[in-house]
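**Student:** sequence and predicted structure are below.
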Amino acid sequence: MSREPMSRDENLRKSRLVFYENDVQRLNAEIDAFLELSKARCALLVDRDGHLVTRRGEPVKTSEETVSALIAGSFAATREMARLLGENEFAILFHQGSRDSIQLQLIGERTLLATLFDGRTNLGMVRFYAQETAGRITDILTEIHSQNRSADLNADFSSRAEDALDKLF
């Protein structure tokens, strides 16, 4: 018996991470602990497509969505540079400014941790605690990805859609 090819919707569900509120709370707890230990200002967890998963710490002074997209774009460009230089990818990027700095770190295969910091801490502290945090976040993301949530998502969506239609008519 042959398997039918996956539908476009099924492919999208498998390629996108689905986060429930308790998932984000667990990720936030890890990032909050990281920020306290590292003394960094802010951390954003972004998927490789540039979508913000969560932000903790001080607010970003501009659009978080724009910053998230630029983080993913920067990482994608650097990945191509690494490939041209014979590397699979560079897992950690660092940009230093006169006042603020940012470290971008690949977590697992699909997410990036962007850490914004200033003179209150140093790169060594950020790198040390980011590495520990990355391991814990990887475990959470692996657990999330291993759960078959597409069936739950379909059932929940169908149920809500039916309720909305009932209320409308």
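**Tutor:** Cool, the structure landed.

**Student:** where are the low-confidence patches of this structure?
**Tutor:** In the predicted model of the chain, residues 1-17, 148-162, 164-169 satisfy pLDDT under 70.

**Student:** where does the most centrally placed residue in it fall, secondary structure wise?
**Tutor:** Nearest residue to the geometric centre of the chain (Cα atoms, centre = their mean): V46, 3.0 Å. V46 is part of strand 42-47, with elements assigned from DSSP states H and E.

**Student:** what pairs with the next helix or strand after that strand, parallel or antiparallel?
**Tutor:** Per DSSP H and E, the first helix or strand lying C-terminal to strand 42-47 is strand 52-57. Sheet pairing of strand 52-57 (DSSP bridges) gives strand 42-47 (antiparallel).

**Student:** and the partner strand, how far out from the chain's middle?
**Tutor:** How far strand 42-47 lies from its chain's middle: 6 Å, per Cα atoms, centre = their mean, to the nearest Å.

**Student:** E109: what secondary structure?
**Tutor:** Secondary structure for E109, judged by DSSP: H, G, I helix; E, B strand; the rest coil, is coil.

**Student:** kindly provide the distance from it to I31.
**Tutor:** From E109 over to I31 the distance is 19 Å, taken as Cβ to Cβ, to the nearest Å. All C-beta spots, glycine's among them, are computed from the backbone N, C-alpha and C.

**Student:** what about these two, which has more around it?
**Tutor:** Taking other Cβ atoms under 10 Å, E109 and I31 do not tie; I31 has more neighbours (25 against 10).

**Student:** sweet, I'm off.
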